[in-house]
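A.B. asks: Coordinates for the following, if possible.
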Amino acid sequence: MTLGELREEVWNALARFGLALHPTPPHGHHPNFLGARRAAERLLKTPEFQGARRVLAGMDAVLKPLREEALRQGKELLLPHPDRPGEFLLLKDLDPRKLKRVREAYRFGVRVALEEATPDLVLIGAVAVDEEGGWVGKGYGFPQSWLRVEAPFATLAHPVMVYPRLPVPPERRVDLIATPQRLLRLG
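C.D. replies: Residues are numbered from 1 along each chain as shown. So this is what the prediction gives:
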């Protein structure tokens, strides 16, 4: 199996069983899924999220509840610039209701280099993960393969996205995987 075939397998299963939420179809995205809010609630309770002062989060719809809660709790939110790969925006003291669309973050954020704004936690979307911490993304965009930070990586996944072991080499490793039913701590 190739990375592309694995992605298609997951996207097709989410679509076929009516498990994908906006944006649909899930193809080409880190999918938003039925139960994602419950998975996010599980991740919000972790010491990693609770103790983080600065959170780097992807722009995916599935991560919206995590981004909003980070801002509600007064955490600094670091986002990849929506139009400039490799650039980041730092948001501080922002009411999450002001950020209607994550692509508007440039209106509220200050451009920073990642080295200047080291995160305590990294939140990324996923297409597939495994119970060993393997991760496969959508194939482009954030998180870039070069992204290396000394912070735990966490993601949300529907059970159909979780494999005992990925049938392909993972693109990166994650430390936490939250599903609607459980939390996998792998770090």
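A.B. asks: So which residue is smack in the middle of this protein?
C.D. replies: Nearest to the geometric centre of the chain sits I124, at 2.2 Å (CA atoms, centre = their mean).
A.B. asks: Least confident secondary structure element in this structure?
C.D. replies: Scoring the helices and strands of the chain by mean pLDDT, DSSP states H and E places strand 110-112 at the bottom, with a mean of 88.
A.B. asks: and it, what other elements does it pack with?
C.D. replies: strand 88-91 (3 or more CB pairs under 8 Å, 6 or more residues apart in numbering; DSSP states H and E). In short, each C-beta sits where N, CA and C put it, glycine included.
A.B. asks: In CSV, list the C-alpha atoms belonging to the strand it packs on.
C.D. replies: Taking C-alpha atoms only, strand 88-91 is exported to CSV below (Å, rounded to 0.1, in the frame of the first residue of the first chain):
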residue,chain,number,x,y,z
PHE,A,88,3.8,31.8,11.8
LEU,A,89,1.3,34.2,13.5
LEU,A,90,1.2,34.6,17.3
LEU,A,91,-2.1,35.5,18.8
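A.B. asks: Give the partner strands of it in its sheet and their orientations.
C.D. replies: Strand pairing for strand 88-91, using DSSP bridges, gives strand 76-80 (antiparallel), strand 110-112 (antiparallel).
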